[in-house]
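**Q** prediction below, plus the sequence it came from.
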Amino acid sequence: MTDGARPAPASSWSADAVLPDDLLERFRARAAGHDREGSFPHDDLAELRERGYLTLFVPEDDGGAGLGLEQVAALQSRLATAAPATALAVGMHLVWTGCAAVLRARGDRSLDLVLADAAAGEVFAFGVSEPGNDLVLQDSTTRAEPTGDGGWRFTGTKTATSLSPVWTRLGVFGRDDTDPAAPQLVHGFVHREQPGWSSLGDWDTIGMRATESHSTRLDGVEVPASRIVRRLPVGPSGDLLVFAVFAVFETLVAAVYRGVARRAVELAVDSAAGRTSLRTGALLSQDPVVRWRVADARMAVDGIEPQVDAVARDVDGLVDHGADWPPLLVGLKTRVTETARAIVDQAVGVVGGGSFRASSELGRLQRDVLASRFHPSSTDSAHATIAARLLGPLDEHR
C-alpha cells in the first residue's frame, strides 16, 4: 500500500494547513449520516490519507511529517470539532505510530516496524481491550502459546477494535503461561490477510457509532518472531512500551474530547445569537442565565486546553516525571473527559429541546461524549492510581 500526498514537515506545520476549514465542513456534513447509519467514514479516511494524516508521527526522513505529540493532539482536537468519531477512530492508528515515535525518541527502535508500515500506507488498530479485563496492560485474558520458532499463537476476544473495516495491522497482546511460576505478556502485530481472526460485527452503540469498533475474535492467529515486540512479566511494568501506550493513548483520547467541548461551546453561542425569547422579545444572548451558561462552558474549555498541551509537551520534551507519570496521564484523561461532558450539558441547557433530536449536531455530541466514560483509565481506576501515589498501596490485609 502507498500513502497519498506527503504531509508538510514539522518545520512548516500548522493545524489550519493540515485540516483546513473546507475539509472540516465536508467531514461535519457527512458525520450525521455516518452516525445515523452506523457506517464507517471511508471518505473521511481517504481524504486524511491523501493529506498524509496517517504519517503525522513518521519521521521526515521516512516520508512523514515528524510531528510531536503536542502537535498531533492539536490536530485531533481540531478534527473532533467536525467529526468526533472519525477523530477517535483514526486516533487508534495514531496511538501506535505515536508509541513508535515516543520509543524512538528515547533510543528504543523496537517499534520501527510500525513507522515503516505506516509510511507504506498500512492502517493500525488497537487490539488491547478485553471483556472483563480491568487490569488493562497488566494482564490479559487472551491466551498466547509459543509456536516453537520464536512466534506466538493468540486466542481470545478483543473489544472496541476501532477501524475494524479498514485496519491492515492489529496490535495485540496475550498471556503466556508456559511457565506457571513466571507468566509473561506477549505483544505483537497481526496482519489482516492472516487466517485465524474474525470481526464479530457487534458495534451497536448510542455514540461514536462511525468508529465501527467491532469486537475481534482471535482463534489461534499466529504472529511470527519478526512481529513480536515485547515479552513482559504479568503485573505493573516500568517498560518503555507500557509508558508509551499510556502516554499517547491518554493524551490523544483527551484531545478528542477537548475538540468535542470546543464545538459544544460554538453551538451554544450560535444558538443564543440566533434565537429570540417569546417572553422578552430579546435575543437569548441577552438572557442572564444563557450568558452565564455560555461563559461557564467557555471557562471550562479554557481550563482543559493547557492541560492537554502541557502533558503532551512534556512527553515530547523527554521530561522525566518518574513515578508521577501514571497519575499525570490518568488524571489528564479523567479531567478532560469529565469536563467535556459537563460542557456539553451546559450547551444543552442553552440550546434547549432541539438538542434532544437525533438529527441535532449537539444531540450527537451528547451521545458521543458519553463514550469517554469507557476508555481506560476509568474514573475509578484513575482515582485509585493517584491515591496509591499519594498515600501508598492499599493495605489488602485490613
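**A** Received, thanks. Numbers count the residues shown, from 1 in each chain.

**Q** which residues does the closest residue in space to His375 that isn't next to it in sequence contact?
**A** Of all residues not flanking His375 in the chain, Val253 sits nearest, at 5.1 Å (CB to CB, 6 or more residues apart in numbering). For glycine as for every other residue, the C-beta is placed from the backbone atoms N, C-alpha and C. By CB atoms under 8 Å, 6 or more residues apart in numbering, the contact set of Val253 is 88, 91, 333, 337, 372, 375.

**Q** Trp325 belongs to a helix?
**A** Yes. Under DSSP: H, G, I helix; E, B strand; the rest coil, Trp325 sits within a helix.

**Q** how many residues are close by the residue nearest to it when sequence neighbours are not counted?
**A** Nearest-residue entry for Trp325: Phe243, 6.6 Å, with adjacent residues in sequence omitted and distances by CB to CB, 6+ apart. Neighbourhood size, Phe243 [other CB atoms under 10 Å]: 19.

**Q** buried set for the helix or strand containing Phe243?
**A** Per DSSP states H and E: Phe243 is located in helix 240-274. By neighbour count on 16 or more other CB atoms under 10 Å, the buried set for helix 240-274 is 240-265, 267-269, 271-272.

**Q** hmm, who's touching stretch 330-340?
**A** 246, 250-251, 253-254, 257-258, 260-261, 264, 300, 303-304, 307-308, 311, 369, 372-373, 375, 377, 379, 381-383, 385-386.

**Q** could you rerun that using 7 Å?
**A** Outside of stretch 330-340, the residues within contact range by CB atoms under 7 Å, 6 or more residues apart in numbering are 250-251, 253-254, 257-258, 260-261, 300, 303-304, 307-308, 311, 369, 372, 377, 379, 381-382, 385-386.

**Q** and stretch 90-106, by the same measure?
**A** 45, 48, 53-54, 56-58, 69, 72, 76, 110-112, 114-115, 118, 123-126, 162-163, 171, 240-241, 244-245, 247-249, 252, 256, 315, 318.

**Q** out of those residues, which end up buried?
**A** Buried members of the contacts of stretch 90-106, scored by 16+ other CB under 10 Å, are 45, 48, 53-54, 56-58, 69, 72, 76, 111, 114-115, 118, 123-126, 162-163, 171, 240-241, 244-245, 247-249, 252, 256, 315.

**Q** assign a three-state SS to Ser355, would you?
**A** Per three-state DSSP, Ser355 ends up helix.

**Q** need the contact list for it.
**A** 348, 362-363, 366.

**Q** Thr155 should be in a strand, yeah?
**A** Yes. Looking at Thr155 with three-state DSSP, it is inside a strand.

**Q** count the residues that sit near the nearest residue in space to it that is not next to it in sequence.
**A** Excluding its sequence neighbours, the residue lying closest to Thr155 (CB to CB, 6+ apart) is Arg143, at 4.6 Å. Neighbour count for Arg143, taken as other CB under 10 Å: 16.

**Q** for Ala272, see how far away Arg143 is.
**A** 55 Å (CB to CB, to the nearest Å).

**Q** go on, Thr142?
**A** Thr142 sits 50 Å away from Ala272, going by CB to CB.

**Q** now swap in Ser129 and tell me
**A** 39 Å.

**Q** again, but for Arg279
**A** 15 Å.

**Q** spatially nearest residue to Asp316, not counting backbone neighbours?
**A** Spatial nearest neighbour of Asp316, chain neighbours left out: Gly68 (3.8 Å); criterion: CB to CB, 6+ apart.
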